[in-house]
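Enquirer: Take this sequence and fold it.
(chains A and B)
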Amino acid sequence: MTALTSARTKRRIAPYLFVAPFVAVFLAFSIYPLIFTARLSFTNWRGFGAAEWVGWDNYTYLLGNAGFWSSLGNSSVLWMLIIPVQLVLALLAAVLLNNSKLRLRGFYRVAFIVPFVTPLVAIAQIWVVVFDQNYGAVNGLLNIIGLPDVGWLTTSEWSKPTLALLFIWKTTGFIVLILLSGLQSIDASVYEAASLDGASPARKLWSMTVPLLRRTIMFAVILQTLAVFQMFAEPFVVTQGGPYGSTTTAGYYLYNHITRADLGTGAANSFLLVIIVMALSLVFVRLLRAKD
Amino acid sequence: MSTSTLTQPTFQSVAATPTPPTRSRPRPAIASQLFLALLTIGFLAPVFWALLSAFKPANEIIRSPLSFDPSTFNLDNYLAMFHDVPIGSGFLNTGIVLLIKGAITLFFAPLAAFAFAKYNFAAKNLIFGTVLITLMLPTIVLIIPLLLEMKELGWVNTYQALILPGAIDAFAIFWMRQVISAVPDELLDAARVDGCGEFGIFWRVVLPVIRPGLAGLAVLTIMNIYNDFVWPVVIASSDQMATLQVVLSTLAQNITGNRIGADYATVTGELLAASSVALIPLLVLFIALQRHFINGILAGSVKG
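Expert: As a prediction, this is how the structure comes out:
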């Protein structure tokens, strides 16, 4: 009897012990800093001395600041350059790789993931060399087919597409995997019904696969939206936010507050960014619901 | 339910225009192979270009970036890079963080996930709900307060600061909970009947059963820690504490600082050598474990 009760007590206590280490780390390094940021965003603290309460000043300053809006604009342009291209490429690749009779299927799956496992800083450094205006391999290729040099990293027209290309290169393979996992959960019988009716592959893709896959597609879009608006290491290594601020992304702009020790403004900027990213995610979720 | 309303009109329109079957097969196959091959070239070219170019004489890398003459290949860029750049200490720091932080994640994340998946306890839903919300938060939000917290604790430029924040991360918990939910309860109960303690069930039953998922988490965790950049560059930028990625990011400054009159070619050669050295361990690891990793993601992701 006592042995049974003690076993039951142990079973009741065990889960608390199991989550305790996680909860401790989570409270100390996620929840506490989050609350701290909220308070900090209403002060003008610069990292030392007493913090002065300034109310909504940091928020109104940012909302009236051209630099803040242009960082959001830059991130939005990057989003538009990245997401549609990446989705189309990843969707086509995932559908093709989902066919178990495809030749070299295993090889492609590995090749597509190579960029994803490549350290971002290393590939960003390689990007700097490859896209160099005077000595880069890309301009070398252009010259061979008779085209003039392009200032990939030195002109504000080309700096965003060059960064977008880096992002697409780095993350498309992972999106292919996510879409593949969604495709694998689609019942094959749905397709058999369609092939009986003689649907062409393009038609099947657009009117069957895409609607059936829309939850997974939305998940991928939300994931990538978060990543694009936080993009930091790419502009930090490749362009330092330039030329002429054309690659100062929302994430990079936030970092600038930290380097200037303008911590109150930085905290307010963080929260504005969270609100924007969450609002965007909600819009996508709504779009998804509307279709349901 | 809703999908049938979306697809029904298609069936009708498709049925109205039947296409000849089987005969048009070969052409789509060639087109798909072409598409996949072009993507593959695009994905692999930058990496191969860098790996090969690092062996070329520095001047040749910039004078003719597209030609490769194996007879001129040498290790000069590597030797110069090892001399100018503290890449060894970068590897050492990354290795230490990888070992400790990786072990913490791979032990404590499944342990907490086990509690979320298989037990009922007070505040369970509250805690797990908070975990889900923090998954949505940009990590960059926490940078400023974490930095201040580290200053307060006196942890700036220490291993603790590199290891503890994010050590048991929300995504790992979320993923492992899904994996452990699939373990049958009967298995756990059978172990209990045999007199196994609660932790014994986790250690001797759950962990062995979820080994494939755990392998996937291991690869992803190693990759994330090895590639982490934003937090290390903020918290550990001193020469002694810089991780491999931080060393890489300030490489050009390092080379030009250590070598008066270093020209663009020299810097580029050493940069490609350093990037190659940083690339290779992960590529080898990934190719060795790719099956676990790909299957892990395919199993643990959201379903359409």
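Enquirer: ok and the residue in the stretch 151-292 of chain A nearest chain B?
Expert: For the stretch 151-292 of chain A and chain B, the shortest gap (C-beta to the nearest C-beta) falls at A:Gly182, measuring 3.5 Å. Just so you know, the C-beta spots here come from the backbone N, C-alpha and C atoms, and that holds for glycine as well.
Enquirer: in the host helix or strand of that residue, what counts as buried?
Expert: Secondary structure from DSSP states H and E places A:Gly182 in helix A:159-184. Buried residues in helix A:159-184, defined by neighbour count with 16 or more other C-beta atoms under 10 Å in any protein chain shown: A:159-183.
Enquirer: repeat for stretch B:127-146
Expert: For stretch B:127-146, by 16+ other C-beta under 10 Å, it's B:127-128, B:130-131, B:134, B:137-146.
Enquirer: pLDDT weak spots in the stretch 1-150 of chain B?
Expert: Within the stretch 1-150 of chain B, the stretches with pLDDT under 70 are B:1-28, B:136, B:138.
Enquirer: can you give me the strands in it?
Expert: With DSSP state E, counting those that start in this stretch, there are no strands along the stretch 1-150 of chain B.
Enquirer: How much space separates the residue positioned nearest the centre of chain B from chain A?
Expert: When C-alpha atoms, centre = their mean is applied to chain B, the residue found nearest the centroid is B:Met223 (3.1 Å). B:Met223 sits at a distance of 6 Å from chain A (criterion: C-beta to the nearest C-beta, to the nearest Å).
Enquirer: check contacts around that residue.
Expert: Taking C-beta atoms under 8 Å, 6 or more residues apart in numbering or on different chains, we find B:Met223 in contact with A:Val117, B:Leu282, B:Phe286.
Enquirer: Which helix or strand contains it?
Expert: Assigned by DSSP H and E, B:Met223 falls in helix B:211-227.
Enquirer: What's the mean pLDDT across that helix?
Expert: Per-residue pLDDT over helix B:211-227 has a mean of 87.
Enquirer: Name the next helix or strand downstream of that helix, please.
Expert: Assignment by DSSP H and E places the next element after helix B:211-227 at helix B:230-235.
Enquirer: immediately after that next one, which helix or strand?
Expert: Downstream of helix B:230-235 (by DSSP H and E), the next one is helix B:244-249.
Enquirer: For that following helix, what is the distance to the chain centroid?
Expert: Relative to its parent chain, helix B:244-249 has a centroid offset of 16 Å by C-alpha atoms, centre = their mean, to the nearest Å.
Enquirer: Start and end of stretch B:174-194, how far apart?
Expert: Across its full length, stretch B:174-194 reaches 30 Å end to end, with C-alpha to C-alpha, to the nearest Å as the criterion.
Enquirer: For that stretch, list every residue counted as buried.
Expert: Within stretch B:174-194, judged by 16+ other C-beta under 10 Å, the buried ones are B:Phe174, B:Trp175, B:Met176, B:Arg177, B:Gln178, B:Val179, B:Ile180, B:Val183, B:Leu188, B:Ala191.
Enquirer: The closest residue to A:Gly182 other than its chain neighbours sits in which helix or strand?
Expert: In space, and not counting its chain neighbours, A:Gly182 is closest to A:Thr216: 3.0 Å by C-beta to C-beta, 6 or more residues apart in numbering or on different chains. Element membership of A:Thr216 [criterion: DSSP H and E] is helix A:214-230.
Enquirer: which of the residues in that helix are buried?
Expert: Buried, per 16+ other C-beta under 10 Å, within helix A:214-230: A:214, A:216-230.
Enquirer: again with stretch A:249-268
Expert: A:249-258, A:262-268.
Enquirer: where does the stretch 1-150 of chain A have low pLDDT?
Expert: A:1-5.
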